[in-house]
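Asker: Need coordinates for the below:
(4 chains)
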Number of protein chains: 2
Amino acid sequence: MVAKSTSFQRKSSQQRRQELIEAGIVCLGKGGMSAFTIDHICRQAGVSRGLINHHFVSKDDLLVSIYAHMTDYLMRDSSGLSPRQQISGFIDSSFDKNSFKKSNLRAWLAIWGEVVTNPNLKALHQSRYQKYRQQLVSAITGIGMSGISSSVAEHIARQLIALIDGLWLEYCLHSEGFSLASAKADCYQFLQSQGVMINPR
Amino acid sequence: MVAKSTSFQRKSSQQRRQELIEAGIVCLGKGGMSAFTIDHICRQAGVSRGLINHHFVSKDDLLVSIYAHMTDYLMRDSSGLSPRQQISGFIDSSFDKNSFKKSNLRAWLAIWGEVVTNPNLKALHQSRYQKYRQQLVSAITGIGMSGISSSVAEHIARQLIALIDGLWLEYCLHSEGFSLASAKADCYQFLQSQGVMINPR
DNA sequence: TCTCTTATTGTACGATCATTCAACTAATAC
DNA sequence: GTATTAGTTGAATGATCGTACAATAAGAGA
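Answerer: Take a look at the predicted model:
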């Protein structure tokens, strides 16, 4: 007594996983973890309830894959770029409209919250964050400005990351009189005040 | 066939509300909105399931009351203080260990997420945030530094709020080599770089 | 065309969700 | 001591949760 008349399209496992990941992000963005539901995600993906557990070990596995997908954008290969270009790239992609749009705020908030207690998510997050931060420190150090030691660069990197996250949160929650461009400009001005001279591209 | 042998203590409506609010914050901190459950909250408060709907209109009403309670700390009366003292007070209370402890991270993340879609919460948040921000702008303007116009003060205030939020998020998620004291120092240094001279108290 | 692989479906299951409400009882007033 | 008030309990309800799994069917290779 199962699965009758409706027709459907078979897709490769890879493509269907991608679709479920994107549907999951939409759900997370709409209602956080409370909306991150098998029913909601499958309905969003236009697919029946059983498919998530076919392509993913569990809902938790899907969540980890979603985080990986959301951070892939920030983890692009930046070798071959000058240190200044790398830093510009960090700032630009942090305020990129495609990835860091308002509709994704709740997805990020939900994931940051889950990171604290979810072991699999925590492991991936620590790994990605460390790499992200090290790249930024290397870029700052690589500029070769006088007076910027390694520990100073780490300090600046931490503050820049904090400023980016805070500005983005501010932008999502209270966007009146606020543009992504001005947020970027604030970041550049901050770096300038710290002795790191970057020309916005 | 209800409510038999167990003994309990009757408390005033005001005190019980307070206890339920604090239990709700604990639950939010432990597991975000997913753990913000009638069952969990009542168990945390040591109380039976029906009591929330007796003292609050609904679970949503409790959530709004929780947000009010969490922001009361930031909304203390600061009249009578000098502008510099007011700004120091902002920074200090933002990194106060009692209110902004790591165990509350998920509570704040959950509420920020809910603010987007929950009308009652949104209304309260907008009101409180606006007041919070205006007080900060007034304090910055009130210092009477040359070259700090109203619009510049608003810009600095926004950046300071962003930096505070970002540093606190950073502290909660990656606290290695990170202290609340150094985060405060970063804020003071930032203000200094913007021409706002404050002596940490 | 036939066979086989496997992507897909949808029901079933036990657990948990928010809310309602009649019954119960602790505390207060008298 | 008695009556009244109102704080508290816990069962009942219908909805939704994640997962398991047998049945079904789409599409590729023969």
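
Asker: Run through the helices of chain A in chain order.
Answerer: For chain A, the helices defined by DSSP state H cover A:13-31, A:38-45, A:52-55, A:59-72, A:83-94, A:105-117, A:119-142, A:150-173, A:180-193.

Asker: which one of the ones you listed lies closest to chain B?
Answerer: helix A:150-173 (3.1 Å; CB to the nearest CB). Using the backbone N, CA and C atoms, a C-beta is placed for each residue, glycine as well.

Asker: Please find the angle between the direction vectors of that closest one and helix A:180-193.
Answerer: Relative orientation of helix A:150-173 versus helix A:180-193 (axes from the mean of the first three to the mean of the last three CA atoms, to 10 degrees): 160 degrees.

Asker: And helix A:150-173, what does it pack against?
Answerer: Contacts defined by 3 or more CB pairs under 8 Å, 6 or more residues apart in numbering or on different chains; DSSP states H and E place helix A:150-173 against helix A:83-94, helix A:105-117, helix A:119-142, helix A:180-193, helix B:105-117, helix B:150-173, helix B:180-193.

Asker: The same query, at a cut-off of 7 Å, please.
Answerer: The helices and strands touching helix A:150-173, judged by 3 or more CB pairs under 7 Å, 6 or more residues apart in numbering or on different chains; DSSP states H and E, are helix A:119-142, helix A:180-193, helix B:150-173.

Asker: in the last one, what counts as buried?
Answerer: Residues of helix B:150-173 classed as buried under the neighbour-count rule (16 or more other CB atoms under 10 Å in any protein chain shown) are B:152-173.

Asker: Name the residues of chain A found near chain B, please.
Answerer: Taking CB under 7 Å from any CB of the partner chain as the criterion, chain A approaches chain B at residues A:31-34, A:105-106, A:109-110, A:112-113, A:115-116, A:129, A:158-159, A:161-167, A:169-170, A:173-174, A:186, A:193.

Asker: Hmm, A:Pro83 and A:Cys139 touching each other?
Answerer: To be clear, residue A:139 is Ala; Cys isn't right here. Yes - taking contacts as CB atoms under 7 Å, A:Ala139 lies within contact range of A:Pro83: 4.5 Å.

Asker: more crowded one of the two?
Answerer: Using other CB atoms under 10 Å in any protein chain shown as the criterion, A:Ala139 and A:Pro83 rank with A:Ala139 on top: 24 against 18.

Asker: List the single closest residue to that one in space, sequence neighbours excluded.
Answerer: Using CB to CB, 6 or more residues apart in numbering or on different chains and skipping the chain neighbours, the partner closest in space to A:Ala139 is A:Gln86 (4.0 Å).

Asker: Excluding chain neighbours, give the residue nearest to A:Ile143 in space.
Answerer: Leaving aside its sequence neighbours, A:Ile143 sits nearest to A:Pro83 (CB to CB, 6+ apart; 4.7 Å).

Asker: Sorry, slip of the keys, the one I care about is A:Leu51.
Answerer: A:Cys42 (6.2 Å).

Asker: ditto for A:Gln44
Answerer: A:Ala23 (4.0 Å).

Asker: Could you do A:Leu63 as well?
Answerer: Spatial nearest neighbour of A:Leu63, excluding adjacent residues (CB to CB, 6+ apart): A:Leu121 at 6.5 Å.

Asker: give me every residue that touches that neighbour.
Answerer: Neighbouring residues of A:Leu121 by CB atoms under 7 Å, 6 or more residues apart in numbering or on different chains: A:63-64, A:67, A:114-115.

Asker: do that again at 10 Å, thanks
Answerer: If you count contacts by CB atoms under 10 Å, 6 or more residues apart in numbering or on different chains, A:Leu121 has them with A:60, A:63-64, A:66-68, A:111-115.
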